[in-house]
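Chemist: Could you work out the structure for the sequence below:
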Amino acid sequence: MLFLLASPEYNNVQSNTTKVRVHLRTGIAEVFDQHQDLMGKVENNIVEVESNFENKSEKFVFILQDAVFIVSNKGLDSDSENQETSVYVYAKKVREVNSSVSIDEITKEYDAKQLQLETEIAKLPEKETKLTSKIILLQEDTEFLKKSLGIIKSLKK
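Modeler: As a prediction, this is how the structure comes out:
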């Protein structure tokens with residue numbers, strides 16, 4: 001099974017995937033080879049992928065922001081004879097959770113973004129209610145980092 005995870009800043013392709021688990025609005029989907037075609041929005045911001053490398057099973061966890069999930073049995077090229085099940089996930093932002101992920105580094109990154117956000121908000125005129133695009137992007141980054149911290153802390157327990 002083919003797994004493709006893409007965002008503007010991240011790209012991951014795995015061709016030896018055995019299972020993909022994702023929470024959709026309609027429930028939890030566990031995708032194996034020959035799964036029915038499916039599409040949905042990722043609800044809990046997490047996708048779990050199991051792959052086989054040299055007869056060893058590996059599990060990958062990704063934290064996503066605003067992600068959609070697509071399963072297709074036609075593969076990347078519908079004209080090709082190889083009609084393997086393919087799982088595509090497209091997200092605004094992606095963070096891989098692995099043993100090298102440091103909660104302290106993410107906390108520092110969050111604190112820096114939060115400070116930037118507060119500085120930009122302070123620059124607004126006093127009665128201004130209209131947010132700038134820079135503030136909106138900083139709010140999204142801050143929220144993603146906050147969610148990432150919560151998810152990583154819960155996974156490392």
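
Chemist: Nearest the geometric middle of this structure, what residue?
Modeler: For the chain, the residue lying nearest the average C-alpha position, counting by CA atoms, centre = their mean, turns out to be Leu64 (2.1 Å).

Chemist: Can I get the helix or strand bottoming out on mean pLDDT in the chain in PDB, CA atoms only?
Modeler: When each helix and strand of the chain is scored by mean pLDDT, DSSP states H and E, strand 27-31 comes last, with a mean of 84. Extracted in PDB, the C-alpha atoms of strand 27-31 (Å, rounded to 0.1, in the frame of the first residue of the first chain):
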ATOM      1  CA  GLY A  27     -15.500   7.500  12.900                       C
ATOM      2  CA  ILE A  28     -12.100   5.900  13.000                       C
ATOM      3  CA  ALA A  29     -10.800   4.500   9.700                       C
ATOM      4  CA  GLU A  30      -8.200   1.800   9.700                       C
ATOM      5  CA  VAL A  31      -7.000   1.300   6.100                       C
END
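
Chemist: Next SSE downstream of that strand?
Modeler: On the C-terminal side of strand 27-31, the nearest following helix or strand under DSSP states H and E is strand 38-53.
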